[in-house]
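In: fold the following for me, if possible:
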Amino acid sequence: MSSSEEDRCIVMCRFAKSFSKDGTEVLTLKIEYPKVDFPDFRRAESIINRCIRAQIDRFYHYASTVLYRQAVFAYQNQQPDGAPFHPYDAVMKYEVTCAENCFFSVYRDCYEFTGGAHGNTVRRSDTWNLATGKNVPLGCFFRPGVNYRRTLFEEVLRQAKENMEKCPDLYFEDYQELIRRYFSLCHYYLTPDGPVIYYQLYEIAPYAAGFVTFPISKDLLDCPPKCPG
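Out: Purely as a prediction, here's the structure:
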């Protein structure tokens, strides 16, 4: 690690708020997010912090309006059996997966509980090149003209078949078709070992399996992540 990397700082911040109706809590909101301080990449630092703040603001607005109205409606129309109302939950949590060399990558899980056996979580991710401040698509790690989508899809399918041989009940029976249907180059984040492609809950496996991930070896990349020069 270079001295400039040692100067970089990532602080995890937390925010929580409760929303009530007629004195009854109907919605809880929790957000955990990173705030970055990169002395060697001030422009990228500003871009990243602004982007994360915008994502937080959108989630807060959604929770405090749409989700709150749904929670109030459910509270006002609950069955009169004397049972206490279970508040709705909205949770947004970021995870930093890479913060070295010239790259910064995170994913964020947005969880909602609106009643039922369990809530639902959606994952999104972003990767930035700190030298340019720009988002990094998966295609940046391959030479121009290479059919990297096919390369990555075949690698995901290879890993999935290998996993099913070890654990036949890991994915749905038609997992190969589902992997093809829901394959997205946007659903990736970067780690020190290389990119990781993920699938949303329920897309190719039961809920209990969680987010199914497929790590991509750097050996498969034409242009592995590295700083210029």
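In: what about the strands in this protein?
Out: Under the criterion DSSP state E, the chain carries strands at the ranges 9-21, 24-37, 88-100, 103-113, 120-129, 134-135, 188-191, 194-199, 212-215.
In: what packs against the top helix by length along the chain?
Out: Ranked by residue count, the top helix of the chain under DSSP state H comes out as helix 42-62. When contacts are defined as 3 or more Cβ pairs under 8 Å, 6 or more residues apart in numbering; DSSP states H and E, helix 42-62 packs onto strand 24-37, strand 88-100, strand 103-113, strand 120-129. (Each C-beta comes from the backbone N, C-alpha and C, glycine too.)
In: kindly recompute the last result at 10 Å.
Out: Counting contacts by 3 or more Cβ pairs under 10 Å, 6 or more residues apart in numbering; DSSP states H and E, helix 42-62 is packed against strand 9-21, strand 24-37, strand 88-100, strand 103-113, strand 120-129, strand 134-135.
In: pull the distance from that helix to the chain's centre.
Out: 14 Å (Cα atoms, centre = their mean, to the nearest Å).
In: stretch 30-46 now?
Out: Stretch 30-46 has its C-alpha centroid displaced from the chain centroid by 17 Å (Cα atoms, centre = their mean).
In: export stretch 220-229 as PDB, just CAs?
Out: What follows is stretch 220-229, C-alpha atoms only, in PDB (Å, rounded to 0.1, in the frame of the first residue of the first chain):
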ATOM      1  CA  LEU A 220     -10.000 -14.000 -17.200                       C
ATOM      2  CA  LEU A 221      -9.600 -10.200 -17.800                       C
ATOM      3  CA  ASP A 222      -7.700  -8.700 -20.600                       C
ATOM      4  CA  CYS A 223      -7.100  -5.500 -18.700                       C
ATOM      5  CA  PRO A 224      -7.100  -6.300 -14.900                       C
ATOM      6  CA  PRO A 225      -7.800  -3.300 -12.600                       C
ATOM      7  CA  LYS A 226      -4.700  -1.200 -12.000                       C
ATOM      8  CA  CYS A 227      -3.600   2.400 -11.800                       C
ATOM      9  CA  PRO A 228      -2.300   4.000 -14.900                       C
ATOM     10  CA  GLY A 229       1.500   4.400 -15.300                       C
END
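In: show residues contacting it.
Out: The set of residues external to stretch 220-229 that reach it, using Cβ atoms under 10 Å, 6 or more residues apart in numbering, is 2, 98, 100-103, 105, 127, 129-132, 136, 138-144, 146, 148, 151-152, 154-155, 190-192, 194-195, 217-218.
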